[in-house]
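Student: structure for this input, please:
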Amino acid sequence: MIELKNIRKTYKTRHDTLEVLKGISLTIPDRSLVMLLGESGSGKSTLCNILGLLDTATSGEYILNGIPVHTLSSSERTKLRREQVSFVFQSFNLIPTMTAFENIELPLGYRKIPKHERTEMVEDALKSVGLYDRAKHLPSELSGGEQQRIAIARALVMDPALLIADEPTGNLDKNTTKDIMKTLINAGREKTIFMVTHDEELTSYADVVIRLNKGEIIN
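Tutor: Modelled structure (predicted):
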């Protein structure tokens, strides 16, 4: 479960203080698909960075699976992020010189997981997104939808508690978008997925819809 209690984020400029998040409070059950919507500048990226442990709130409490994130040191947050959070981006962020298999395997190497275990984990991840037969393909040999599914597999192979997806369908057509949403829902059934989107139509897939406006949640 994710709990946010009165999360505020401010930035100091040369002339004044800019408050980007203004007391965000949320409770998100496990294994939920949450969609975050809002205009540019509404605070979506800041909220995602806090949830993904890439940034810290100025004040307030953040509890991730019972862990009070707001009390952790920088190194403790980094360790928790590596263990419990994965990301999927609009631009895929695949390494062009690596095959689909190698792209998915890469984060497992950072965790020093033995090679024989990595192979099985990557194969399972490829199967979960329906691309086992594309294991040896480079990103340039895959369609945009296939590249995004590989990016999702790379995120899921880490078995995160929280998957943050930032506009994962933003560069895709409608039919491919439907495929990606099905992939996220099917492959991420045991995860909490926090997805940023501008597409109102996609809210039909969500368990929870959050709308931000000028740093505040609106109905």
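Student: shaky segments in the protein?
Tutor: Applying pLDDT under 70 to the chain flags the ranges 188.
Student: can you classify the residue nearest the centre of it as helix, strand or coil?
Tutor: The residue lying closest to the centre of the chain (Cα atoms, centre = their mean) is I164, at 1.3 Å. Secondary structure, DSSP: H, G, I helix; E, B strand; the rest coil: I164 is strand.
Student: and for the one 5 residues further on?
Tutor: At T169, secondary structure determined by three-state DSSP is coil.
Student: which phi and psi values does it adopt?
Tutor: phi -110, psi 10 (degrees, to the nearest 10).
Student: residues touching it, list them.
Tutor: 148, 176-177, 180-181, 197, 199, 202 (Cβ atoms under 8 Å, 6 or more residues apart in numbering). For the C-beta atoms, the positions are set from N, CA and C on the backbone; glycine is no exception.
Student: please indicate which of these has the highest neighbour count?
Tutor: In terms of neighbours by other Cβ atoms under 10 Å, those top out with Q148 at 30 neighbours.
Student: quick check: angle from the one helix or strand that one maps to to strand 162-166?
Tutor: For Q148, the element it lies in under DSSP states H and E is helix 144-156. Inter-element angle recorded for helix 144-156 and strand 162-166: 150 degrees (by axes from the mean of the first three to the mean of the last three Cα atoms, to 10 degrees).
Student: which parts of helix 144-156 are buried?
Tutor: 145-156 (16 or more other Cβ atoms under 10 Å).
Student: take these and write them to a markdown table, including distance to K44.
Tutor: Below are the buried residues of helix 144-156 laid out as a markdown table (distance: Cβ to Cβ, whole Å):
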| residue | distance to K44 |
| --- | --- |
| G145 | 24 |
| E146 | 27 |
| Q147 | 23 |
| Q148 | 20 |
| R149 | 24 |
| I150 | 25 |
| A151 | 20 |
| I152 | 20 |
| A153 | 25 |
| R154 | 23 |
| A155 | 19 |
| L156 | 23 |
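Student: nearest to A100, of those residues?
Tutor: I150 (4.8 Å; Cβ to Cβ).
Student: against K174, how distant is the residue lying closest to that closest one once chain neighbours are set aside?
Tutor: In this structure, I150 finds its nearest non-sequential neighbour in A100, 4.8 Å apart by Cβ to Cβ, 6 or more residues apart in numbering. According to Cβ to Cβ, to the nearest Å, A100 stands 24 Å off from K174.
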